[in-house]
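Asker: here you go, sequence then predicted model.
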Protein chains: 4
Amino acid sequence: MFKTTVTPRFGDIDGLKHANNIAIAIWFEQSRNPIFRLFTPDLDLSYEKWKLIMARTQYDYLCEMIYGSDVTIISYVSKIGKSSFTVTQEAWQDDKICAIGRSVLVHYDFINKRSMPIPDDIRKALEEHFQEDTQIYK
Amino acid sequence: MFKTTVTPRFGDIDGLKHANNIAIAIWFEQSRNPIFRLFTPDLDLSYEKWKLIMARTQYDYLCEMIYGSDVTIISYVSKIGKSSFTVTQEAWQDDKICAIGRSVLVHYDFINKRSMPIPDDIRKALEEHFQEDTQIYK
Amino acid sequence: MFKTTVTPRFGDIDGLKHANNIAIAIWFEQSRNPIFRLFTPDLDLSYEKWKLIMARTQYDYLCEMIYGSDVTIISYVSKIGKSSFTVTQEAWQDDKICAIGRSVLVHYDFINKRSMPIPDDIRKALEEHFQEDTQIYK
Amino acid sequence: MFKTTVTPRFGDIDGLKHANNIAIAIWFEQSRNPIFRLFTPDLDLSYEKWKLIMARTQYDYLCEMIYGSDVTIISYVSKIGKSSFTVTQEAWQDDKICAIGRSVLVHYDFINKRSMPIPDDIRKALEEHFQEDTQIYK
C-alpha cells in the first residue's frame, strides 16, 4: 500500500466549487508513480525501458472535495493477472473517502507492440502491495 | 446521438507519443456539453440552474491515438434511471474506435444537496438520444 | 493569420465561474497547431522531425470568459528572429477580446540539442502570417 | 519566501519527454496556494471571501524537466503596487533552475467587480515574503 498527499490547486475546482472529475483523475495518476517505479525504477519513458500501458480507468465520485484541504491518496494492487493488474486507489479528504479509482494496466512491449507476461520479480513486488479491493461501491 | 470533433493539442500527447488517458477524459468531458444543455441550455453554473453531478466515469482505452489527426467523439444516452442516466461515448481517429467512455450523471439539487427525479420533459429529450450501448468491451 | 474555435468545457471553469488561466493557456496551445504544421506538416513528434521548443509564454487576462459560449482564437506571427519567433494570440468571446497571449518558440535540433537558424522556406511561410502585434496592453 | 515540492506525473511529460509548458504552469499555480492564503486563509472560493484575480502570467522555460525527479518551487513577492502585486517563482530540478514564472495578481472585489487597494495588514504580510526579482532572464 502506498500513501501519497496531493494539494488541490485553484484550477482543480470547478464552477460548483468542488474538485472536477478530471482533477481527481490527475491526482490518481500522480499517485501511481510508486507503482510505475516497480517496473521502471527511474521512470525513464523510452520505449526500451517503459513497460506499462493503460487499458481502463474507472472512478467513482462519492462525495465532494474542496480546495483548501490536502487529499490523501491510498494506492494498492487489488488484482494480478498474467500480463495485467489492477490498481485500486482511494482519495480521502478530512477523514472521508471521497473517490475510489480502479485502473487496469498492461505489461507491454512498446518496441514489438504486444502485451507480455509480468516477470516473476515484479509480480512478487506487486504482491507485496496487494490488498483486497474496498467493499465500498465494489 | 451527438457528434463532436476535438483537435489534439501538443500537450495531450504523453512521453510515449500517444494521447494521455487524462487528455481523453478531457475530450469526453468537452463532448458532453450538448447533453448538459438538455438540462441547462445556457450552461449557467449557478447552484440555481446547474442540475448535474458526476457519479462515475469509466473509460476503456482500445488503441493509441496520435497528435496530428482530429478525433471524432460520438455521444449518446445508453441508460435512463429515475434520477440518473448513463452517457456512452466513443472516440474515433482515422476510422478506428480508440476509446469508449461511460459516465453516470445524477440529476441533483445543489441548494438542498440531494438527487432529484429527472423531469418528464428532460427524460423525453434524453430518450431522443438513446442508443443501445456498444457491444465492444461491454 | 489563423482563426480557430475552442469550446470551453465544464472543467475549464474555476470556482469563481470564469475560465481558469490554465484553461486559456491550453486553448492557446491548441491553436498553435497550424503554426507548428509550418515546421512539421504531419505533427510527428519524433526527435528527427519535431523542430520547436518553447522559450517563453506571456498571457494577459483582460476580461472574464464563461462556459456557455465558444471562443475564437486569432493567431499570428508578430516577430521573426534568426532562430526564434513570436506568436501573438487573441482570445475573443462574444465580440470582446478577453486574453492576449505571446509565445516565443525556438527552432531547435533535438538530436544535437541546439538552436538552429530558421530555414528560408519556413521563414517565408512565417512571413505570410506576419501581423503587427496588437496595441492593446503591448 | 515559500518553498513547495511537486512530483511530476506521467501525463505532465510531452511527446519530447520533457515537462510540457502547461504542466509547469500548473505547478506554479499550485505553489501560489500559500500566497493565496494571505488573503483568504481557508481558501474559500465564495465571492464574499475570495479576493484575487489573475492579470498576467509570464513563464520562461530555461531548461528541460523530466519525469522521475521532484521539482522544488520557490515563490516570493517581487513587487507590491497599490492594488496589485507580482509573484516570482522558480522551478528547480536536480539543482538547476529550469523555469521562472511571474504572475501579476489584482486585489479584487468580485461582488462589485472592481479592483481594491491592498489592505495594510495583508501588505505587511506580503512584504515579509518580498525578495528582489531574480537576475536570470530579468
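Answerer: Perfect, I can see it now.

Asker: in the helix or strand where A:A23 lies, what's buried?
Answerer: A:A23 is part of helix A:21-31, with elements assigned from DSSP states H and E. Within helix A:21-31, the residues that qualify as buried are A:N21, A:I22, A:A23, A:I24, A:A25, A:I26, A:W27, A:F28, A:E29, A:Q30, A:S31, counting by 16 or more other Cβ atoms under 10 Å in any protein chain shown. No exception for glycine: its C-beta is placed from N, CA and C like everyone else's.

Asker: assumed A:F85 was part of a strand.
Answerer: Yes. With DSSP: H, G, I helix; E, B strand; the rest coil as the criterion, A:F85 is assigned to a strand.

Asker: thinking again about what came up before, restrict the buried residues of helix A:21-31 to contacts with chain C.
Answerer: A:N21, A:I22, A:A23 (Cβ under 8 Å from any Cβ of the partner chain).

Asker: measure the most centrally placed residue in chain A to chain D for me?
Answerer: A centroid search over chain A (Cα atoms, centre = their mean) returns A:R32, at 4.1 Å, as the residue closest to the centre. In this structure, A:R32 lies at 7 Å from chain D, with Cβ to the nearest Cβ, to the nearest Å as the measure.

Asker: that residue touches D:F10, doesn't it?
Answerer: Yes. Assessed by Cβ atoms under 8 Å, A:R32 is found in contact with D:F10 at 7.4 Å.

Asker: which positions in chain A make contact with chain C?
Answerer: Counting by Cβ under 8 Å from any Cβ, the positions of chain A adjacent to chain C are A:F10, A:G11, A:I13, A:D14, A:G15, A:K17, A:N20, A:N21, A:I22, A:A23, A:Y67.

Asker: can you do 7 Å?
Answerer: By Cβ under 7 Å from any Cβ of the partner chain, the part of chain A that sits against chain C consists of A:F10, A:G11, A:I13, A:D14, A:G15, A:K17, A:N20, A:I22, A:Y67.

Asker: returning to what we had before: what residues are up against the residue nearest to the centre of chain A?
Answerer: When contacts are counted by Cβ atoms under 7 Å, 6 or more residues apart in numbering or on different chains, A:R32 touches A:S75, A:V87.

Asker: next, give phi and psi for it.
Answerer: Taking degrees, to the nearest 10, you get phi -90, psi -10 for the backbone angles of A:R32.

Asker: looks to me like A:I35 is in a helix.
Answerer: Yes. Per three-state DSSP, A:I35 lies within a helix segment.

Asker: all the strands of chain A, in order from the start?
Answerer: A:2-6, A:52-61, A:71-80, A:84-93, A:96-109, A:114-115 (DSSP state E).

Asker: among those, which comes closest to chain D?
Answerer: Ranking the strands of chain A by distance to chain D, with Cβ to the nearest Cβ as the measure, places strand A:2-6 first at 7.9 Å.

Asker: using PDB, write down the CA coordinates of that closest one.
Answerer: Once non-C-alpha atoms are left out, strand A:2-6 reads as follows in PDB (Å, rounded to 0.1, in the frame of the first residue of the first chain):
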ATOM      1  CA  PHE A   2       1.300   3.400  -0.900                       C
ATOM      2  CA  LYS A   3       0.200   6.700   0.700                       C
ATOM      3  CA  THR A   4       0.700  10.000  -1.100                       C
ATOM      4  CA  THR A   5      -0.600  13.500  -0.500                       C
ATOM      5  CA  VAL A   6      -1.900  15.900  -3.100                       C
END
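
Asker: in that strand, what counts as buried?
Answerer: Those would be A:F2, A:T4, A:V6, for strand A:2-6 by 16+ other Cβ under 10 Å.

Asker: for A:T7, give its distance to D:T72.
Answerer: Using Cβ to Cβ, to the nearest Å, one obtains 14 Å as the distance from A:T7 to D:T72.

Asker: one step back: how close does the residue nearest to the centre of chain A sit to D:L38?
Answerer: The value you get for A:R32 to D:L38, if Cβ to Cβ is used, is 34 Å.

Asker: understood, closing this out.
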